[in-house]
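A.B. asks: Quick one, what's the 3D model for this:
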Amino acid sequence: MKQKMLIAFFFTLFCIQANAQPAIRQKNFNINKNIAIEGYDPISYFNGKPQKGTVAYSYAYEGITYHFVNAANLAKFKQNPASYEPQYGGWCAYAMGNSGQKVEVDPETYKIINGKLYLFYNHLFNNTLNTWNKNETSLKTKADANWQKIYH
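C.D. replies: Purely as a prediction, here's the structure:
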């Protein structure tokens, strides 16, 4: 009897944790109407040119919906979604490293670092990618630490 109760307890705990994950992501990710990257296809960044995806090729990964340009990009994302999602929930990497703040991005201002997608604010003569590039190692270390505080 104790064993069944223990199993039921851990199963319930697992279910609560599994259901909490999408809510945490939706709270912390840069989304608009639950769509990430303003509808840009995350795979397109790795192909060298950011492109807007379409509703016809949509996929929700752990509570966050992504749009894709075509079925091939959607299939590629489904194979390993975590490797294609933007870092820091899609918020500006520079701002995350500089101050730990969630700042909007220009989805066409980006950088791929060690196979990961980083997005940056770029508006009114303030392209934070340029500043990031001057001190990338330090800012990335700080951004990683700040994101851990926000997300976990």
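A.B. asks: mind giving me the domain split of this protein?
C.D. replies: Domains of the chain are assigned by automatic domain parsing as 28-82, 86-152.
A.B. asks: between those domains, which gets nearest to residue 22?
C.D. replies: domain 28-82 (2.5 Å; C-beta to C-beta). To be clear about C-beta, it is placed using only N, CA and C from the backbone, and glycine gets the same treatment.
A.B. asks: so how far is that closest one from its chain's centroid?
C.D. replies: Relative to the centre of its chain, domain 28-82 is centred 10 Å away, using C-alpha atoms, centre = their mean, to the nearest Å.
A.B. asks: Likewise for stretch 126-137?
C.D. replies: 19 Å.
A.B. asks: who touches it?
C.D. replies: Residues outside stretch 126-137 that contact it (C-beta atoms under 8 Å, 6 or more residues apart in numbering): 92-95, 97, 109-111, 113, 118, 120-122, 139.
A.B. asks: and what of stretch 62-76?
C.D. replies: By C-beta under 8 Å, 6+ apart, the residues outside stretch 62-76 that reach it are 21-23, 25-26, 29, 31, 34-37, 39-44, 47, 51-55, 57-60, 77, 81, 84-85.
A.B. asks: out of the residues you listed, which are inside helices?
C.D. replies: 21-23, 25-26, 42-44, 77, 81, 84 (DSSP state H).
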